[in-house]
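> Provide a 3D model corresponding to the input given below.
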Amino acid sequence: MAQIVLVHGAYQGGWIWRDVAAALRAKGHEVCAPTLDGCAERAGSLRAGITTETHAAELAALLFYQDLQDVTLVGTSTGGMAICRAAESAAARVGRLVFADALALLPGEAVSGIVARPSAITTDLATGPSRADAEGRLFADLDPATRAFALARTTPHPRAVLEAPVMLDGFWDHPWNATVVRCKRSVNPPESHQRRTADRLRARYLEFDTGHYPMLSQPRELARLIAG
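Below is the predicted model of the structure:
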């Protein structure tokens, strides 16, 4: 059975993987779905200095302290950036990467150069969608019960993760075993970005006919893909 780490994206926490994690555990897989620093139930730790790189360092430490081996590392949305950095930091422990409608930036790129956000509520430390934007755009394709579940748990995301250029050393030169999943009803990340990721990694490329949150809209299908 596989060891799997599920990494959430912006405005989320480990909660977003609830149904995918349950489906994977039911098949006997060992699953971690951590909430990253400053997010969701860890919003109380929000402070300056939380970046993609600090999030990735958390993930690399998780792999070490839990002594996880041959890990399937899954990232969605901005979680794709975190798994890139974590994978290059702990390459010996990573067996496979899965980008689920995820960002994978080149060194020096920032989210703002890839993704256009129509509205945001921003403070000195965090940024996030208004409730109306989350309900009417981000979660528009979800069924009402799932939409309510997600809306109640949406939190602002540390600003530097979304605004600062990413730092990567040798990630793009490593021969990763990778899969890229694009969600056809999602505008961001754009198709061109995800095809670039697949091309550069020589990855398997698949498409789901759903919005940006396949772990909420198609959890069983996504779990099957992650399990390989």
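
> so what's the nearest residue to Glu88 once chain neighbours are set aside up against?
The shortest distance from Glu88 to any non-neighbouring residue, by CB to CB, 6 or more residues apart in numbering, is to Phe171 (4.2 Å). The C-beta positions use only the backbone N, C-alpha and C, and glycine is treated the same way. Phe171 sits next to Cys84, Arg85, Ala87, Glu88 when contact means CB atoms under 8 Å, 6 or more residues apart in numbering.

> could you redo the last one with a cut-off of 7 Å?
Residues near Phe171 by CB atoms under 7 Å, 6 or more residues apart in numbering: Cys84, Ala87, Glu88.

> Wasn't the last one part of a strand?
In this case it means Glu88. No - counting by DSSP: H, G, I helix; E, B strand; the rest coil, Glu88 is not found in a strand; it is helix.

> Would you check that it makes contact with Asp169?
Yes - Glu88 lies in contact with Asp169 (CB atoms under 7 Å); the separation is 6.1 Å.

> Comparing these two, which residue is more hemmed in?
Taking other CB atoms under 10 Å, Glu88 and Asp169 do not tie; Glu88 has more neighbours (19 against 11).

> how far away is the more buried one from Asp199?
19 Å (CB to CB, to the nearest Å).

> Over to Leu151?
36 Å.

> which of these two has more neighbours?
Comparing Leu151 with Asp199 by other CB under 10 Å, the one with more neighbours is Leu151, at 14 against 11.

> Next, the contact list for the more buried one, please.
Arg131, Ala134, Glu135, Phe139.

> where does the protein have low pLDDT?
118-119 (pLDDT under 70).

> hey, where'd the strands end up in it?
Ranges of strands within the chain are 3-7, 30-32, 71-77, 94-102, 121-122, 126-128, 157-158, 178-183, 204-208, based on DSSP state E.

> Make JSON lines from those and add distance to Ala21 and mean neighbour count to it.
Shown next, in JSON lines, are these (distance: least, CB to CB, whole Å; neighbours: other CB atoms under 10 Å):
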{"stretch": "strand 3-7", "distance to Ala21": "6", "mean neighbour count": "26"}
{"stretch": "strand 30-32", "distance to Ala21": "5", "mean neighbour count": "18"}
{"stretch": "strand 71-77", "distance to Ala21": "10", "mean neighbour count": "27"}
{"stretch": "strand 94-102", "distance to Ala21": "13", "mean neighbour count": "25"}
{"stretch": "strand 121-122", "distance to Ala21": "29", "mean neighbour count": "12"}
{"stretch": "strand 126-128", "distance to Ala21": "23", "mean neighbour count": "21"}
{"stretch": "strand 157-158", "distance to Ala21": "21", "mean neighbour count": "28"}
{"stretch": "strand 178-183", "distance to Ala21": "17", "mean neighbour count": "24"}
{"stretch": "strand 204-208", "distance to Ala21": "18", "mean neighbour count": "15"}
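
> any chance of those in a markdown table, plus distance to Ala23?
Converted to a markdown table, the strands of the chain look like this (distance: least, CB to CB, whole Å):
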| stretch | distance to Ala23 |
| --- | --- |
| strand 3-7 | 11 |
| strand 30-32 | 9 |
| strand 71-77 | 13 |
| strand 94-102 | 14 |
| strand 121-122 | 33 |
| strand 126-128 | 28 |
| strand 157-158 | 26 |
| strand 178-183 | 16 |
| strand 204-208 | 15 |
